[in-house]
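Engineer: from the sequence below, what's the structure:
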Amino acid sequence: MKGSVVLVAYQDDGCNTLTLKNAKRLEDMLSEGWNGVRVDVMPGLGGKGKYEVDGNVCFEPSLPPTLVYILAKDDSAPAAPSDSDFMENIERMKRRLEEDVELLKPLRELHGDHGHIRAAGSCLEGALWNIETILSDGD
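Structural biologist: Now for the predicted structure:
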């Protein structure tokens, strides 16, 4: 059995534009018979926002979380699941993340939106953003 890790994330292209990276690679590997063993989320990076360097105003955006796909392939295994199965799994993951966002709301109301609560909320919202981009074919 072979294994691989694919990171799907937005990357700043240097012009303050976020571009989705590795979605096509993930799609190709799944089409080649790789199976998703696990999906995880790594927290995004908080950007500096607006700051000044030698009199010039700069802006560094924050990056949303990264989806980490752990894939496995057994050459004797049957073909990859159909596109509809893959989309069902993505939709199911989206629903679970939306439920988690709802579960976080009472904590935000009780303790405020700061520290670990804010980080957890940002991770969940960023993961939903990535999933919605995958569901919309990267548009």
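Engineer: just the helices from the protein, written as ranges.
Structural biologist: Assigned by DSSP state H, the helices in the chain fall at 23-31, 83-111, 115-135.
Engineer: those: which one's closest to Lys73?
Structural biologist: helix 23-31 (8.0 Å; CB to CB). C-beta coordinates here come from the backbone N, C-alpha and C atoms, glycine included.
Engineer: give me the number of residues near Ile117?
Structural biologist: By other CB atoms under 10 Å, the residues close to Ile117 number 15.
Engineer: tell me the spacing between it and Leu128.
Structural biologist: From Ile117 across to Leu128, the span is 17 Å (CB to CB, to the nearest Å).
Engineer: related to what we said a few turns ago, can you redo the helices of the chain as JSON lines with mean pLDDT?
Structural biologist: Listed next are the helices of the chain as JSON lines, based on pLDDT from 0 to 100:
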{"stretch": "helix 23-31", "mean pLDDT": "89"}
{"stretch": "helix 83-111", "mean pLDDT": "81"}
{"stretch": "helix 115-135", "mean pLDDT": "77"}
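Engineer: rebuild these as JSON lines, extending it with distance to Ile70.
Structural biologist: Listed next are the helices of the chain as JSON lines, based on distance: least, CB to CB, whole Å:
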{"stretch": "helix 23-31", "distance to Ile70": "11"}
{"stretch": "helix 83-111", "distance to Ile70": "14"}
{"stretch": "helix 115-135", "distance to Ile70": "16"}
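Engineer: what about those, which gets the closest to Gly44?
Structural biologist: If we rank these by CB to CB, the stretch that ends up nearest is helix 115-135, at 5.0 Å.
Engineer: show me what the closest one packs onto, helices and strands only.
Structural biologist: Applying 3 or more CB pairs under 8 Å, 6 or more residues apart in numbering; DSSP states H and E, we find helix 115-135 packed against strand 2-12, strand 35-42, strand 66-73, helix 83-111.
Engineer: hmm, try it at 10 Å
Structural biologist: If you count contacts as 3 or more CB pairs under 10 Å, 6 or more residues apart in numbering; DSSP states H and E, helix 115-135 packs onto strand 2-12, strand 18-21, helix 23-31, strand 35-42, strand 66-73, helix 83-111.
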